[in-house]
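**Student:** Predicted model and sequence follow; I will ask about them next.
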Amino acid sequence: MFGETYRTEAKKAKRDSENSDVVKLDSLEECPNECSFNGICKEGKCYCQTGYMGQDCSESDVNHYKSGEPFSEVIKFGGICFGIGLIIGIFLIITVIRKSEAAENRQIEDDESDED
């Protein structure tokens, strides 16, 4: 998508090269490997999109993603939600067990009072 936009612009610039008001874009051949379709070629130099680096924008910029702040925030949020859910789940299980024990005790008491 990014590379296609640039190619279209380059074709337009070549087609209108007679018009002095049009700024001529450099041809795709001036940049190495057409910037690997991860950047824009200008004056023989690739200007890479975020997350890419190198002369031809073919290398992943691992330092860009190294901090991992957004991912760590998701992990923290997920951990908090899991912890809260676990506590609520345990509370509900204990409540159900206590109610069922109370119901059994009432049934036993009712049975004993019926025998008297």
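**Tutor:** Sure, I can see it. It should be emphasised that the depicted structure is a prediction, and the values quoted were computed from it without experimental measurement. Residues are numbered from 1 along each chain as shown.

**Student:** For the chain, which segments count as strands?
**Tutor:** In chain order, the chain shows strands spanning 39-42, 45-48, 52-53, 59-60, with DSSP state E as the criterion.

**Student:** Using a markdown table, lay out the ones you listed together with mean neighbour count, mean pLDDT and distance to Ile87.
**Tutor:** To be clear about C-beta, it is placed using only N, CA and C from the backbone, and glycine gets the same treatment. Output for those, formatted as a markdown table (neighbours: other CB atoms under 10 Å; pLDDT from 0 to 100; distance: least, CB to CB, whole Å):
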| stretch | mean neighbour count | mean pLDDT | distance to Ile87 |
| --- | --- | --- | --- |
| strand 39-42 | 20 | 90 | 49 |
| strand 45-48 | 17 | 90 | 47 |
| strand 52-53 | 19 | 88 | 44 |
| strand 59-60 | 13 | 87 | 40 |
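
**Student:** okay if I get those strands as TSV plus distance to Ala102?
**Tutor:** Listed next are those as TSV, based on distance: least, CB to CB, whole Å:
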stretch	distance to Ala102
strand 39-42	70
strand 45-48	68
strand 52-53	65
strand 59-60	61
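
**Student:** so which of the ones you listed gets nearest Ala103?
**Tutor:** strand 59-60 (61.6 Å; CB to CB).

**Student:** what packs against that closest one?
**Tutor:** strand 52-53 (3 or more CB pairs under 8 Å, 6 or more residues apart in numbering; DSSP states H and E).

**Student:** outside of the strand it packs on, which residues touch it?
**Tutor:** 36, 38-39, 58-61 (CB atoms under 8 Å, 6 or more residues apart in numbering).

**Student:** switch the cut-off to 6 Å
**Tutor:** Residues from elsewhere that reach strand 52-53, judged by CB atoms under 6 Å, 6 or more residues apart in numbering: 38, 59, 61.
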